[in-house]
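A.B. asks: Quick one, fold the following:
(one chain, ligands or ions: 4)
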Amino acid sequence: SAKSEQKGHYRFFDASQYVLLSARAHLKHSLAKAIDAGQLSLHYQARVDVGSGRPVSMEALLRWQHPTLGMVPPGQFIPLAEASGLINRLGELVMRQACAQLAAWRDQGLPLLPVSINVSPRQFSYGSVATQLARHLAHYDIDADLLEVEITESAMVADQVDVQAELTAIRALGVRVFVDDFGTGYSSLSQLQRLRLDGLKVDQAFTRELDRSHEGRVFFQAIVSMARALGMTVVAEGVETSAQLALLRELGCHQAQGYLLGRPVPAAAMAATLGELGQRTALTLVR
Ligand code: C2E
Ligand code: MG
Ligand code: MG
Ligand code: MG
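C.D. replies: Ligands and ions are numbered 1, 2, ... in the order given. Alright, predicted model coming up:
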C-alpha cells in the first residue's frame, strides 16, 4: 500500500537510522576481526556462599578490548553476534578460554573453583553444545564438575525439544546448569520441575527490590522457597549492599554475586583470590 511505501521511504532517508545501521555493520565487521586478533577475553566474578562469605564459583564474562573504541560491553556485541551467526565462534572461544584458564591455574598449583560460562540460546542451533563442551573438557583434561553453564529463561521457554535434550546431555556430562536472569522470562514451575536444572540465578532487578519494599522481600522469599522445594541452588545476582546480603542470609538464599562481593576482574586478579583461598585452607589444615 501507499502507506507502507511511505514508511519504507522515510526509513531509507532517515540519517540517524543510517548512522546506526552503519555503526552496527562496522561493529559486526570488526567483531569478526577481533576474534582472530585476540581482542576478546574473559573476566571473572566470584560467586560466594551467603553463610560463610567464601567464594564457591566464578562467572566468566566476555570482554572486548577494541583498539580505538576501548572496552565494548557485552550488552552491545552479544546481540550483534547472535544476529550475525558469529555467536557460535564466540561461544567456542568462551568454552576454550575457560577450560584453558582452569588448566593454567591448575598448572600453577592454585586451588580451583568452578567456572560458570554464559551460553546463548542461539548456540543450540549450530550443533551440540554438550559435544563442544565435552571436547574442550577432554582437550584440557578438566573435570566436568569444574564447569557450569548459565542459560537465560527465554531459551527454556522456547520449548524446543532439542534445547531440553541438550540441557539434559550437558548435565549428563557432569556440568551443572543454572537458569540465568530468573524472574525476567516466563518459565513455568512445571518446566523448572521437568528440566531438573541445578540452580536459579535471580535477576538483579529482584535483588534491588529486596530492601526497598515489603513486596520485594516477599517475592524473593517465594523464589527461595520454590527453588529449595525443587532441590535447586538459589543465587542472588547484583548484590551491592550489606543490607541486601543480610536479608538474603535471613531468607535462606544459598549464594550471592555482586559488586559488594567482588567485581569482574581479569584472570590474573582472580588468580590472587584463588591463592588466598589456598592459604586459608592450608592454615585450617595446620590448626
Ligand atoms: P549476566 O550473565 O546476567 O551477567 C551479569 C552481569 O551483571 C554482568 O554484566 C556483570 O558484570 C553485572 N554485574 C555483576 N554484579 C553486579 C552488581 O552488583 N551490580 C550491577 N549493576 N551489575 C552487576 P556484563 O559483564 O556487562 O554482561 C552482561 C550480559 O552479557 C551478561 O549478563 C550475559 O547475558 C552477557 N554475556 C557476558 N558474557 C557472555 C558470554 O561469554 N557469552 C554470552 N552468550 N553472553 C555473555
Ligand atoms: Mg550469567
Ligand atoms: Mg544474569
Ligand atoms: Mg543479565
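A.B. asks: The longest strand that the chain contains pairs with which strands, and in what direction?
C.D. replies: Longest strand in the chain by number of residues (criterion: DSSP state E): strand 55-66. When sheet partners are counted by DSSP bridges, strand 55-66 sits next to strand 40-49 (antiparallel), strand 70-72 (antiparallel), strand 115-118 (parallel).
A.B. asks: Distance from the chain centre to it, please.
C.D. replies: 8 Å (Cα atoms, centre = their mean, to the nearest Å).
A.B. asks: Neighbours of Ser22, how many?
C.D. replies: Residues near Ser22, counting by other Cβ atoms under 10 Å, number 10. For every residue, glycine as well, the C-beta is placed using N, CA and C.
A.B. asks: Show me the contact partners of the longest strand of the chain.
C.D. replies: Here strand 55-66 makes contact (Cβ atoms under 8 Å, 6 or more residues apart in numbering) with 30-31, 34, 39-49, 71-72, 74, 77-78, 90, 94, 97-98, 113-118, 148, 150, 255, 257, 262, 264, 270, 273, 277.
A.B. asks: Can you tell me, leaving aside adjacent residues, what's nearest to the residue most central in space within the chain?
C.D. replies: Nearest to the mean C-alpha position of the chain, by Cα atoms, centre = their mean, lies Asn118 at 3.6 Å. Distance criterion Cβ to Cβ, 6 or more residues apart in numbering; nearest residue to Asn118, sequence neighbours excluded, is Glu150 at 4.9 Å.
A.B. asks: what's the burial count for the closest residue to Gln39 other than its chain neighbours?
C.D. replies: Spatial nearest neighbour of Gln39, excluding adjacent residues (Cβ to Cβ, 6+ apart): Gln65 at 5.2 Å. A count of neighbours around Gln65, defined by other Cβ under 10 Å, yields 14.
A.B. asks: Next, work out how far apart Gln65 and Lys28 are.
C.D. replies: The span separating Gln65 from Lys28 equals 17 Å under the rule Cβ to Cβ, to the nearest Å.
A.B. asks: again with Glu240
C.D. replies: Taking Cβ to Cβ, one finds Glu240 at 33 Å from Lys28.
A.B. asks: Likewise for Val239?
C.D. replies: 34 Å.
A.B. asks: Repeat that for Val177.
C.D. replies: Distance from Val177 to Lys28, counting by Cβ to Cβ: 30 Å.
A.B. asks: Ramachandran angles for Leu86?
C.D. replies: Dihedral pair for Leu86: phi -70, psi -20, per degrees, to the nearest 10.
A.B. asks: ditto for Gly231
C.D. replies: Note on Gly231: its backbone torsions stand at phi 70, psi 30 [degrees, to the nearest 10].
A.B. asks: likewise Leu146?
C.D. replies: Residue torsions, per degrees, to the nearest 10, at Leu146 are phi -90, psi 0.
A.B. asks: try Ala256
C.D. replies: Note on Ala256: its backbone torsions stand at phi -140, psi 150 [degrees, to the nearest 10].
A.B. asks: hang on, it packs against Gln45?
C.D. replies: No - contact criterion Cβ atoms under 8 Å: Ala256 and Gln45 do not qualify, at 11.3 Å.
A.B. asks: ok so, going back, quick one: is the longest strand of the chain near ligand 1?
C.D. replies: Yes - shown here: strand 55-66 in contact with ligand 1 (Cβ under 6 Å from any ligand atom) through 61-62.
A.B. asks: now do stretch 238-249
C.D. replies: Yes - under the criterion of Cβ under 6 Å from any ligand atom, ligand 1 is reached by stretch 238-249 at 238-240.
A.B. asks: Which of the residues you listed sits closest to ligand 3?
C.D. replies: Checking the residues of stretch 238-249 next to ligand 1 against ligand 3 by Cβ to the ion gives Gly238 as the nearest, at 8.0 Å.
A.B. asks: wait, what's in contact with the residue nearest to the closest one when sequence neighbours are not counted?
C.D. replies: Residue nearest to Gly238 in three dimensions, not counting chain neighbours: Gln204, with 2.5 Å by Cβ to Cβ, 6+ apart. Taking Cβ under 8 Å, 6+ apart, we find Gln204 in contact with 237-238, 258.
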